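> got a predicted structure here, sequence first:
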Amino acid sequence: MKKGLNAVMSELHGMAERGGIVTSEVKIGNASSALIQKGNADLLLALEPVEALRSLDKVGPNTTAIVNSAPIIPFTVSLGISSYPEVSQITTELKDKIVNLFVLDGLDLARKAGDLITLNVVMLGAAAAIPGFPVGKELLLASMKETLPASTIEVNCAAFESGYETILAEMQRE
Amino acid sequence: MKVEEILTRGEGEKLFLLGNEAAVRGALEAGVSIASTYPGTPSSEIGNVLSRIAKEAGIYFEFSSNEKVALEVSAAAAASGLRSFVFMKCVGLNVAADSFMSTIYEGIRAGMVVLVADDPSMYSSQNEQDDRLYARVSGSPLLEPSDPQEVKDLVKFGFELSERFKLPVLVRTTTRVSHMRGVVELGKIKQGKAKSTFERNPSQFVVLPANARRLHHELIQKLKEIEEFASDCELNRIIDKGGDSGIITSGSSLNYVMDILDEHEIPAKVLKLTLSYPFPEKLVAKFLDLVKQVAIVEEVEPVMEREVLSLIGKCGMKNRLHGKLDGAFPRAFEYTPDIVRECLSKSFDLDLPERETVKSNIPLPSRPPVLCPGCPHRATYYSLREAVKNLGIKNVIYPTDIGCYTLGAAPPYEMADYLLSMGSSVGTACGFARATDQKVVSFIGDSTFFHAGIPGLINAVHNKDRIVLVILDNRTTAMTGEQPHPGVPIDGMGDVAPEVSIEGVVTGVGVGFTKVIDPFNLRKAREAFTEALQYDGVAVLIAKHPCAQITARERRRKGIHIVFDIDQDKCSRCMVCVRDFACPAIYVAKDGSVHIDSLLCVGCGVCRQVCPENAIEVSK
């Protein structure tokens, strides 16, 4: 909005606190519906590796994906009614299927930034480093400073930077 | 964005609002005086926002004890001359329907908007009912917004429409509209009157049959006038992109249609119906004249499709019609852009290919929602199951109810056998006790008990049924986001309020066995259950302990960081804590050892009581 762009978003409410699956879809620019068609996503931000696989139907040849490699094991695994694949197997599969893929240990970056809860901000920082991401780093940081409680700004900015730098370094290596 | 900005931002400013937040702003711009609801997803955030800002906005807001009461509060306000706003989820209107039907006959003195949030695909509802049919059953005008901007504008317009025709107006959203976020341009907020005076007029407001007969005639006349209005109203408009194919659509389906038409540059004419009941036949007939073939794009029930079909028959038109009835569109569940692309492709014989997508063959673990770590319901289920096992009772029937505790249906507890609707656990318990010789143990939450559980309990007492009713009192309406209810000492505006005692209600209606237990004391809870299970009559156990979300927040606020850990030397890997107690903070590592996830543990300590090896201790 600050850049004068239109945006629409679809949210799911209520499942996160109870350990369920939560997905949000965002379209920036001219769009009526907030739902993304199959194979049509420009960017997939997965905060959990298995959930990245679960979202593959929205991924196409032009999708960039950023995946946090730290798993959250669903309780059904402990109960013995489902099994969680090896993380290495997941990342191999993702590499195989997604051309523009970045895998990072977002949870570790969040921990280093000072609070595990900032994982989402690490991922936002990572997204901002992708060429073509419609909102620049400075504007995102300024908006965060405007809306976040004062006591959490420092840790959130650190989290954002760590995600941003990680992807930037990765891209330079390539 | 802060919630308060929904109130404080001025005319012409823009906010990135959820559909439900936009509904609040629309009501404020209309100068609403009174708002009421019973929380229910996907409409819950409307009440959450109002409870934060109502005082500041100078309006009255309440979480009523159920949707029927909420509707009655708003109806009386509108009959008194104050603009009122009542909102609920789809099935909430079933609860409110009895009074809703009469409000349409009687009409109002000031605007009244009834917002219902339907839930196609049933993300959080027990059925997929299409409340557009309620407009038809009751004779209420119907508005269908497509996005947050329209939600705001139509809630506001709904009050004007309501006053113009002296009828309550139904605004119907769906999950995808209520939970869609979009840019909303704000209008000016109007301050409503705080009080009015009710002027009696029994011939209008008392639906004795003699009055009702006359009122029904008047309603039919009003509907004819509104139909004329709807045919000329700019809310119902034709978007002409050429060609001789037509699409009639409403609500969120419009968004999918527009995105697909734009992306594939398909020539078509779109009729967007926003004031969609009374069905604007004149406008639709005009539209049908412009096109050869027409597709009706609407979710859930073929409501508009049947209207169009009857219009085609009535006018002897020759349009080819595609929709749900000819199988071109799916009969159930919400639509998506992909579904609309595929079905338009089929209907109009177009070639709109699916984009290349990616598939994985790795089997994925299921991730269903579960009871939270530290949830008191888990402890209740655990002790009850122990008591049932110890007494050797077989074939217990567990009628359950609507709330987080319905998750007790999942393994390992699987204590949910029958569920119909809010409050049904008690009435159905009476039926099972009559129809079988099995033991009946019902579950109901605190908020649900106040909502619709009490009449069932009175029935059980009066008819001498033998049932055990477990009231899971976690001191909040947890499932929908922790709204207060009559059993807590705070009201919808955040003010101190009388706390209605569940125990008082239960003993007051004559229940012979009533006990209040703390489910976190497993031994005492088990003993109480053992007693209740052997009681000859109606036994009520009130398992009282605050919701884990509340206690977790308290801990954060007080800076308490106690979590538990498993002493690997003591642990025998018996799996009681994992398989029988099933707290999601406890997990089995790849090597088979059992651990507690310090991020998930909320330090309730109940697992210590279930561990036969005393291996669980405070983490250092």
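Cool, got the structure.
> report how many residues lie close to residue B:128.
Per other Cβ atoms under 10 Å in any protein chain shown, the neighbour tally for residue B:128 reads 17. C-beta coordinates here come from the backbone N, C-alpha and C atoms, glycine included.
> elements contacting the strand or helix carrying residue B:385?
In this structure, residue B:385 is located in helix B:376-391 according to DSSP states H and E. Secondary-structure packing of helix B:376-391 (3 or more Cβ pairs under 8 Å, 6 or more residues apart in numbering or on different chains; DSSP states H and E): strand B:467-473, helix B:522-533, strand B:538-544, helix B:606-610.
> between the ones you listed, which one is closest to residue A:111.
helix B:606-610 (25.5 Å; Cβ to Cβ).
> in the chain, which helix or strand is least confident?
Using chain A. Using mean pLDDT, DSSP states H and E, helix A:75-78 stands out as the lowest-scoring helix or strand of chain A, at a mean of 91.
> not quite, go with chain B.
Going by mean pLDDT, DSSP H and E, chain B bottoms out at helix B:548-558, a mean of 92.
> quick one: contacts for residue B:107?
With contact taken as Cβ atoms under 8 Å, 6 or more residues apart in numbering or on different chains, residue B:107 is in contact with B:166, B:167, B:168, B:204, B:215.
> coming back round to it: which of the helices and strands packed on helix B:376-391 is buried the deepest?
Greatest average neighbour count among those goes to strand B:467-473 (a mean of 27), per mean count of other Cβ atoms under 10 Å in any protein chain shown.
> could I have that strand exported to CSV, CA atoms only?
Provided in CSV are the C-alpha atoms of strand B:467-473 (Å, rounded to 0.1, in the frame of the first residue of the first chain):
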residue,chain,number,x,y,z
ILE,B,467,-26.7,-39.7,32.2
VAL,B,468,-23.3,-38.2,33.2
LEU,B,469,-22.7,-34.7,31.8
VAL,B,470,-19.2,-33.4,31.9
ILE,B,471,-19.1,-29.7,31.6
LEU,B,472,-15.6,-28.7,30.4
ASP,B,473,-15.3,-25.2,32.0
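> any part of that strand near chain A?
No - figure legend: strand B:467-473 not in contact with chain A (Cβ under 8 Å from any Cβ of the partner chain); closest approach 15.4 Å.
> got the buried residues for the helix or strand following that strand?
Of the helices and strands lying after strand B:467-473 in sequence (DSSP H and E), the nearest is helix B:502-508. Within helix B:502-508, the residues that count as buried by 16 or more other Cβ atoms under 10 Å in any protein chain shown are B:502, B:503, B:505, B:506.
> export those to JSON lines and tack on distance to residue B:428 and pLDDT?
Shown next, in JSON lines, are the buried residues of helix B:502-508 (distance: Cβ to Cβ, whole Å; pLDDT from 0 to 100):
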{"residue": "B:502", "distance to residue B:428": "20", "pLDDT": "98"}
{"residue": "B:503", "distance to residue B:428": "23", "pLDDT": "98"}
{"residue": "B:505", "distance to residue B:428": "20", "pLDDT": "98"}
{"residue": "B:506", "distance to residue B:428": "18", "pLDDT": "98"}
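> that older thread, ok, the contacts of residue B:107 vs chain A, which is closest?
Among the contacts of residue B:107, residue B:168 lies closest to chain A (Cβ to the nearest Cβ), at 27.3 Å.
> re earlier: tell me the helix or strand right after the least confident helix or strand of chain B.
strand B:564-566.
> domain boundaries for chain A, per the record?
A:1-35, A:38-104, A:106-174 (automatic domain parsing).
> burial of residue B:601, as a residue count?
Quick note: residue B:601 (other Cβ under 10 Å) scores 21 neighbours.
> export the buried residues of helix B:502-508 to TSV and append columns for distance to residue B:243.
Below are the buried residues of helix B:502-508 laid out as TSV (distance: Cβ to Cβ, whole Å):
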residue	distance to residue B:243
B:502	63
B:503	68
B:505	63
B:506	66
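> from these, which is closest to residue B:81?
Looking across the buried residues of helix B:502-508 and measuring by Cβ to Cβ, the closest to residue B:81 is residue B:505, at 34.5 Å.
> just to check, that closest one is in contact with residue B:455?
No - the criterion here is Cβ atoms under 8 Å, and residue B:505 misses it with residue B:455 at 11.5 Å.
> where along chain A do the strands fall?
For chain A, the strands defined by DSSP state E cover A:7-10, A:25-28, A:43-46, A:64-68, A:100-104.
> and of the contacts of residue B:107, the nearest to residue B:610?
Of the contacts of residue B:107, the one sitting nearest to residue B:610 (Cβ to Cβ) turns out to be residue B:168, at 52.7 Å.
> my guess is the closest one contacts residue B:108, does it?
Yes - counting by Cβ under 8 Å, residue B:108 is a contact partner of residue B:168 at 6.0 Å.
> can you report how many residues lie near residue A:8?
By other Cβ under 10 Å, the residues close to residue A:8 number 23.
> tell me which residue in the stretch 201-350 of chain B sits closest to chain A.
residue B:255 (3.4 Å).
> looks like residue B:240 contacts residue B:272 (just checking).
No - in this structure residue B:240 lies outside contact range of residue B:272 using Cβ under 8 Å: 11.5 Å.
> among those two, which residue is more densely surrounded?
For residue B:240 and residue B:272, the more surrounded residue by other Cβ under 10 Å is residue B:272, and the numbers stand at 21 against 13.
> got the confidence number for residue B:599?
For residue B:599, the pLDDT comes out at 86.
> helix or strand: which one has it?
Using DSSP H and E, no helix or strand contains residue B:599.
> same check on the one 5 residues further on?
Assigned by DSSP H and E, residue B:604 falls within no helix or strand.
> how many neighbours does it have?
24.
> mind checking how far the nearest residue to it once chain neighbours are set aside is from residue B:598?
The shortest distance from residue B:604 to any non-neighbouring residue, by Cβ to Cβ, 6 or more residues apart in numbering or on different chains, is to residue B:374 (3.9 Å). Distance, residue B:374 to residue B:598, using Cβ to Cβ, to the nearest Å: 13 Å.
> equivalent analysis for residue B:527, please.
32 Å.
> for residue B:349, same thing?
Taken as Cβ to Cβ, the span from residue B:349 to residue B:598 is 60 Å.
> and what of residue B:384?
For residue B:384, the distance to residue B:598 equals 29 Å [Cβ to Cβ].
> these two: which is more packed in?
Higher neighbour count among residue B:384 and residue B:598: residue B:384, with 29 against 13, using other Cβ under 10 Å.
> got the contact list for the more buried one?
With contact set as Cβ under 8 Å, 6+ apart, residue B:384 has these partners: B:415, B:441, B:470, B:525, B:526, B:529.
> contact residues of the stretch 51-200 of chain B facing chain A?
Neighbours of chain A within the stretch 51-200 of chain B, by Cβ under 8 Å from any Cβ: B:123, B:124, B:146, B:147, B:176, B:179, B:180, B:181, B:182, B:183.
> tell me which two in those are the farthest apart.
Among those, B:124 and B:183 lie farthest apart (Cβ to Cβ), at 26.1 Å.
> which helix or which strand is home to residue B:428?
Residue B:428 belongs to helix B:424-435 when elements are defined using DSSP H and E.
> count the neighbours of residue A:67 for me.
Residue A:67 has 26 neighbours, counted by other Cβ under 10 Å.
> list the residues that contact it.
A:44, A:46, A:49, A:52, A:91, A:94, A:101, A:102, A:103, A:104.
> top of the residues you listed by neighbour count?
Among the contacts of residue A:67, residue A:52 has the most neighbours (other Cβ under 10 Å), with 27 neighbours.
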